[in-house]
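> have a look; sequence and predicted model below, questions after that.
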Amino acid sequence: MQILESSEPGLGYQFAIEIVAAVERIKATPGMWPVLDDQVRRCLIHRFPYGVIYSVDEQRSQVLILAVMHLHQQPDYWSERT
């Protein structure tokens, strides 16, 4: 987030708010976003070119956040985390 802060003061904080908001949307409706691979889904972040990559453990009703991914760099780097 230091890069964001150096380009515009407060931008890192705004990014963090968007990440938290995305996680809250995922928790509320985990099946809403498209499946990328097997049981892995991606929720896009508002205002920033990032997505939250996650999976859902249906038996435990838990969401596992795998990555916060920049959408324009190494699109499959998260796949080793599943």
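Cool, the structure landed.

> longest helix of the chain, counting residues only.
With DSSP state H setting the assignment, residue counts place helix 11-28 as the longest helix in the chain.

> partner strands of the helix or strand that comes right after that one, with direction?
Next helix or strand after helix 11-28 toward the C-terminus (DSSP states H and E): strand 35-37. Here strand 35-37 is paired, per DSSP bridges, with strand 40-44 (antiparallel).

> following the strand it pairs with, which helix or strand comes up?
Toward the C-terminus, strand 40-44 is succeeded by strand 50-57 as the next helix or strand (DSSP H and E).

> and the helix or strand that that next one is followed by, what does it pack onto?
Once the chain leaves strand 50-57, the next helix or strand it forms, by DSSP H and E, is strand 62-70. The contact analysis (3 or more Cβ pairs under 8 Å, 6 or more residues apart in numbering; DSSP states H and E) places strand 62-70 against helix 11-28, strand 50-57. Bear in mind the C-beta positions are built from the backbone N, C-alpha and C, glycine included.

> report the inter-axis angle for strand 62-70 versus strand 50-57.
Our comparison of strand 62-70 with strand 50-57, counting by axes from the mean of the first three to the mean of the last three Cα atoms, to 10 degrees, yields an angle of 160 degrees.

> strand 62-70 pairs with which strands, parallel or anti?
Strand 62-70 has its sheet partners listed here by DSSP bridges as strand 50-57 (antiparallel).

> follow-up on the earlier one: for the longest helix of the chain, which positions count as buried?
By neighbour count with 16 or more other Cβ atoms under 10 Å, helix 11-28 contains the buried residues 11-12, 15, 18-19, 22-23, 25-26.

> and the most centrally placed residue in the chain, how far is that from Asp37?
The residue lying closest to the centre of the chain (Cα atoms, centre = their mean) is Val52, at 1.0 Å. Separation of Val52 from Asp37 (Cβ to Cβ, to the nearest Å): 15 Å.
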